[in-house]
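Undergrad: Need the 3D shape of this:
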Amino acid sequence: MSANIKQDHFYRAALEIGQSGENDTLPYDLDAQFVKDNAGILAAVCFDFFKSIEAKPKKQALDFISALNVGSERLLTATGSHGFRITTKIHPFWNLYLNGLGIGIAEANEVRRSSRVHSYRLSRDQNSLFDSSKSWRAYKEATLSDPAIEEAGAFVVQTDISSFYEHIYHHRLENCIDDIFGENSTVPMQVDRILNKIASGRSFGLPVGGQCARVLAEAMMTPIDASLSDAGLVWHRYVDDFTLICVDQQNAYRALSTLSHAMADVGLSLNRTKTTILSAKHYKDFVRAQLGDGEQASIALRELDLHFDPYSDAAQSDYQKLKESFETIDVQFLLDLEREKTQPDTFVLAQISRSLKFQDPKTALQLCAKSFGREITAL
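TA: Below you'll find the predicted structure:
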């Protein structure tokens, strides 16, 4: 029997489901409360089921799991104001069972994970599955406090993985779990077969919204994280977001190449439209604004009256005053900030567009290019 999967893992999974729901992209279901109220009984059922599979020879265990019907349905959920994404609602038993295996995997994998990973770290508090102090904000703050970013001439790469959950191959994930549990465990095979059933026979993709998917994604990334450290890179990661801190621009491109190759080795790729290389100063200003320090600049832009009447008696002085007002507002920076948002502030964007006539031609052209997702390399 695997020493890494215990009845307590299923019990903890049941309590977590009762607290957070079966899927955080869907409304809270009464099934989740039932699972919590009967946590002890259901944990025992799940663990007995696990032991019965673990006791079988591997081939027999594989045939047994492959013959099971894992109930699930794919649903569309709203994302933003105009879009949808596919999420998965899993049968309560299988959701609990998969989450229990996930907690066992997370516990075994936690010691292998780098301190540079800031997403979904297992909590020591039994009342919470993940450490709440590890968040996207903590990730960004860690990049700002990294000593490497203070080096003269430093550059920072920001990028993320394209369609991360959808492109995770089950077999590669099985290999990662096998590295954690060893070849005698059936856990890797069980996870692979259950995911295959949920994905309707497809060999790739994680179900969106459940806690187990988050654990499995982190297990998949652990060897990649190790390869970046082995390559001598200074990096930080939150789920599929990467920040690489480099000594200069040339090394920034080299680091990006190293990361791209590491992704390609497991069938993943970087999102070209979300990849940027910034000077350390620009990056620090940008992130501080993301964390709220740049809110004043946005407020200042909102409050500006950008109406200009060229026929007024004071046209020249009015124009000069408006132009000078932009010396304290980094409009290009604010545009970058809005483009990073899922739902940009339309009024801020409108103010940015109105500000173009008060910018020098080169800056105005760069702002227009960024609005359409293009870069101007020569003017």
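Undergrad: so what does the longest helix anywhere in the chain touch, helix or strand wise?
TA: Looking across the chain with DSSP state H, the single longest helix is helix 211-230. Applying 3 or more C-beta pairs under 8 Å, 6 or more residues apart in numbering; DSSP states H and E, we find helix 211-230 packed against helix 7-20, helix 92-109, helix 170-181, strand 234-238, helix 249-264. Placement of C-beta: from N, CA and C, glycine included.
Undergrad: got a list of contacts for the shortest one?
TA: Pointing back at strand 234-238 there. 116-119, 135-136, 139, 142-143, 146, 148, 221, 225, 228-229, 242-246, 255, 259 (C-beta atoms under 8 Å, 6 or more residues apart in numbering).
Undergrad: Filter the residues you listed down to just the buried residues.
TA: Buried subset of those (neighbour count, 16 or more other C-beta atoms under 10 Å): 116-119, 135, 139, 142-143, 146, 148, 221, 225, 228, 242-246, 255, 259.
Undergrad: which residues does the residue nearest to residue 110 when sequence neighbours are not counted bridge with?
TA: In space, and not counting its chain neighbours, residue 110 is closest to residue 122: 4.8 Å by C-beta to C-beta, 6 or more residues apart in numbering. Per DSSP bridges, the residues bridged to residue 122 are residue 130.
Undergrad: ok, now which ones touch residue 122?
TA: 103, 106, 107, 110, 129, 130, 131 are the contacts of residue 122 under C-beta under 8 Å, 6+ apart.
Undergrad: how about those in a markdown table, adding distance to residue 84, neighbour count and pLDDT?
TA: Putting those into a markdown table (distance: C-beta to C-beta, whole Å; neighbours: other C-beta atoms under 10 Å; pLDDT from 0 to 100) gives the following:
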| residue | distance to residue 84 | neighbour count | pLDDT |
| --- | --- | --- | --- |
| 103 | 30 | 23 | 95 |
| 106 | 29 | 25 | 94 |
| 107 | 35 | 18 | 94 |
| 110 | 34 | 14 | 94 |
| 129 | 27 | 24 | 87 |
| 130 | 27 | 19 | 89 |
| 131 | 31 | 15 | 89 |
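Undergrad: what's the closest of those residues to residue 369?
TA: Set against residue 369, the nearest of the contacts of residue 122 by C-beta to C-beta is residue 130 (39.9 Å).
Undergrad: so what's the closest one up against?
TA: Counting by C-beta under 8 Å, 6+ apart, residue 130 has contacts 120, 121, 122, 123, 214.
Undergrad: what about 10 Å?
TA: Going by C-beta atoms under 10 Å, 6 or more residues apart in numbering, residue 130 touches 16, 20, 106, 119, 120, 121, 122, 123, 211, 214, 215.
Undergrad: and those residues, which are buried?
TA: For the contacts of residue 130, buried by 16+ other C-beta under 10 Å: 16, 20, 106, 119, 120, 121, 122, 211, 214, 215.
Undergrad: Tell me where this structure has strands.
TA: With DSSP state E as the criterion, the chain has strands at 72-79, 83-90, 155-160, 234-238, 241-246, 276-279.
Undergrad: Let me know the closest of the contacts of residue 130 to residue 86.
TA: Using C-beta to C-beta, residue 214 comes nearest to residue 86 of those, at 16.7 Å.
Undergrad: Check whether that closest one really touches residue 165, as I assumed.
TA: Yes. Applying C-beta atoms under 10 Å as the test, residue 214 and residue 165 come out as touching, 9.2 Å apart.
Undergrad: Which neighbours do the two have in common?
TA: Here residue 214 and residue 165 have 206, 208, 239 as joint contacts, going by C-beta under 10 Å, 6+ apart.
Undergrad: neighbour-wise, which of the residues you listed leads?
TA: Neighbour tally across the shared contacts of residue 214 and residue 165 (other C-beta atoms under 10 Å): the maximum, 24 neighbours, falls on residue 206.
Undergrad: how near is that residue to residue 155?
TA: To residue 155, residue 206 is 33 Å away according to C-beta to C-beta, to the nearest Å.
Undergrad: Check residue 177 too.
TA: Counting by C-beta to C-beta - residue 177 and residue 155 are separated by 36 Å.
Undergrad: got it, and residue 98?
TA: Noted for residue 98: a distance of 41 Å to residue 155, by C-beta to C-beta.
Undergrad: Please identify which of the two sits among more neighbours.
TA: residue 98 (26 against 23).
Undergrad: where in the stretch 1-150 of the chain is pLDDT low?
TA: Where the stretch 1-150 of the chain drops to pLDDT under 70, the residues are 1-3, 80-82.
Undergrad: need the contact list for the closest residue to residue 112 other than its chain neighbours.
TA: Using C-beta to C-beta, 6+ apart and skipping residues adjacent in sequence, the residue nearest residue 112 is residue 222, 5.6 Å away. Counting by C-beta under 10 Å, 6+ apart, residue 222 touches 109, 110, 112, 113, 114, 117, 176, 179, 180.
Undergrad: I figured the second one was touching residue 129, is that so?
TA: Read that as residue 110. No. The pair residue 110 / residue 129 is not scored as a contact, 11.9 Å apart, by C-beta under 10 Å.
Undergrad: what's the domain layout of this protein?
TA: What the TED database lists as the domains of the chain is 7-286, 331-372.
Undergrad: which one of the ones you listed is the most hemmed in?
TA: Of all the domains of the chain, domain 7-286 has the most neighbours on average by mean count of other C-beta atoms under 10 Å, namely a mean of 17.
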